[in-house]
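> let's see this in three dimensions:
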Amino acid sequence: MELSKYNILKKTTGEYYLFNTFSKSVVKLTDEIGDILEKKDLFLLEDDIKKALYQNGLLVDNQEHEKEVLHNQYLKIRNNKDNIFITLLPTMKCNFRCPYCFEGSDVKNEDIEMDFETLKKAADIHLIGKKHVHITLFGGEPLLKWKQLRDFFLYLEALSKKYKFTYSSSIATNAYFLNEIIIEDLIKLFHMESFQVTIDGYEKTHNNTRATLNGERTYNRVLNNFKQLVKKNESHKLNVLLRINLLNNQLKEVEELLNSFSEQEKKKFEIYFRPIYDTKEFHNSNSTKNNDLEPFYILARERGFRTHYGNYVRFWHCEGDGGLEQIHIMPNLSIWKCVNNMDINEANIGQILPNGEVVLNKEKIDEWKKNDPFDDEKCSDCVLLPICWGGCPLNFLKKNIRTCIYEKNFDFIDTFIK
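Prediction:
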């Protein structure tokens with residue numbers, strides 16, 4: 001036996017902890033065991049300790065075999081044909097005009113209306129044989145197309161019974177249109193599992209950057225609608241995320257937002273923080289960088305909130321990664337691997353035709369398939385590989401180089417303990 005390639009061992013607050021990025025196990029160790037593992041004197045470990053560490057993926061038979069197992073799991077998910085994950089952008093229109101939006105002011109496809117009847121035809125053809133279908137609603141503001149989406153999901157429900165697949169969904173929404181009736185439908189009809197709502201910093205920042213097209217301030221409406229959603233999470237079965245964007249925000253300003261929630265509400269959702277980035281049309285000095293987020297997480301945890309660092313159990317870096325069953329569908333029914341930069345036409349890999357058939361560009365798909373981090377010696381030997389998966393696939397496609405995720409600087413032991 002030997003120590004897992006994906007172990008992180010640290011002594012903190014006078015105690016040893018061991019975290020494994022592959023199995024996601026975290027164990028607290030006695031000083032004696034911690035010293036043994038630090039020195040890698042595994043023959044000094046008692047058999048029951050070895051067994052416990054082995055069962056949690058912290059000890060393995062062989063590191064190279066462990067990497068092979070991880071790679072096989074990665075390929076299995078990537079080449080999976082049973083499940084499909086669709087990010088559906090029913091519109092590029094939005095009732096907000098956030099200055100930093102990656103889509104910009106001259107949004108491509110903004111005036112294009114999605115042909116939901118053609119989308120139904122495509123679903124009827126291509127969902128045969130699937131075991132599970134997951135649809136993430138994105139945009140633009142997807143709820144601008146509420147009536148059409150509701151009708152489509154009624155059709156999807158009928159298809160699921162016809163073809164014997166299960167389905168689920170998630171949404172990234174500005175929450176402006178959320179109300180009790182829509183939330184109820186999203187949960188029951190759409191089988192929605194995950195909601196993400198964004199607030200920029202606190203009231204003043206939010207009203208400056210997330211106003212409507214006609215200048216209406218939205219902070220109070222978004223906050224109240226988010227609270228309605230949180231109230232629906234009585235059973236804690238929903239994954240409700242509040243993304244707090246930071247633009248030169250101080251801790252005391254974010255604390256103003258955090259103080260808006262009751263002790264009961266805090267238990268029903270998770271918070272995560274992101275700095276607002278420069279985009280093609282938005283250039284602003286921002287004192288908050290990725291490496292400066294930890295004080296905000298500490299503040300949130302001290303106030304009793306659950307914090308979210310990302311989904312580290314999937315086998316892809318982001319929605320633009322994965323295999324051919326991980327796609328984005330635009331309002332014009334073009335198919336993309338990533339929509340974070342729509343100037344990069346290589347990400348546009350296909351089109352849904354009026355009869356529902358799909359035409360794919362094999363050359364572009366072959367380029368995306370090159371994004372296997374196990375082909376990169378540095379990535380394949382990195383302790384964070386089961387979390388990072390080689391970083392941004394779009395960046396790799398453009399530059400043929402890999403950049404480490406900013407989480408590389410995180411203190412994972414401290415994060416998981418807290």
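
> which residues in the stretch 1-150 of the chain form helices?
31-39, 47-55, 63-78, 116-126, 146-163 (DSSP state H, counting those that start in this stretch).

> ok, and for the first one, which residues are buried?
The reference is to helix 31-39. Within helix 31-39, the residues scored as buried using 16 or more other C-beta atoms under 10 Å are 33-34, 36-37. Where you see a C-beta, it was placed from the backbone N, CA and C, and this is true even at glycine.

> farthest pair within those?
Gly34 and Ile36 (7.2 Å; C-beta to C-beta).

> can you pull the pLDDT of Lys108?
The score at Lys108 is 50. That number is its pLDDT.

> do the same with the one 3 residues further on
Per-residue confidence (pLDDT) for Asp111: 73.

> dump the buried residues of helix 31-39 to JSON lines, plus distance to Val27.
Shown next, in JSON lines, are the buried residues of helix 31-39 (distance: C-beta to C-beta, whole Å):
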{"residue": "Ile33", "distance to Val27": "9"}
{"residue": "Gly34", "distance to Val27": "10"}
{"residue": "Ile36", "distance to Val27": "13"}
{"residue": "Leu37", "distance to Val27": "10"}
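
> same list (these) but as CSV, adding pLDDT.
Listed next are the buried residues of helix 31-39 as CSV, based on pLDDT from 0 to 100:
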residue, pLDDT
Ile33, 91
Gly34, 91
Ile36, 91
Leu37, 91
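
> residue furthest from the geometric center of this protein?
Leu44 (41.6 Å; C-alpha atoms, centre = their mean).

> pretty sure that residue sits against Ile36.
Yes. Between Leu44 and Ile36 there is a contact at 5.0 Å, judged by C-beta atoms under 8 Å.

> overlap in contacts, these two.
Counting by C-beta atoms under 8 Å, 6 or more residues apart in numbering, Leu44 and Ile36 have no common neighbour.

> what about the helices in the stretch 251-400 of the chain?
251-258, 263-266, 294-302, 362-368, 377-380, 385-388, 393-399.

> would you mark the buried spots in stretch 139-153?
In stretch 139-153, counting by 16+ other C-beta under 10 Å, buried: 139-145, 148-149, 152-153.

> quick revisit: need the winner for burial among the helices of the stretch 251-400 of the chain.
Comparing those by mean neighbour count (mean count of other C-beta atoms under 10 Å), helix 385-388 comes out on top with a mean of 22.

> so the nearest residue to Trp336 once chain neighbours are set aside bridges to which residues?
Leaving aside its sequence neighbours, Trp336 sits nearest to His328 (C-beta to C-beta, 6 or more residues apart in numbering; 4.3 Å). For His328, the beta-bridge partners under DSSP bridges are Thr87, Trp336.

> and stretch 405-412, how far out from the chain's middle?
16 Å (C-alpha atoms, centre = their mean, to the nearest Å).

> any idea of the mean pLDDT for it?
The model assigns stretch 405-412 a mean pLDDT of 72.
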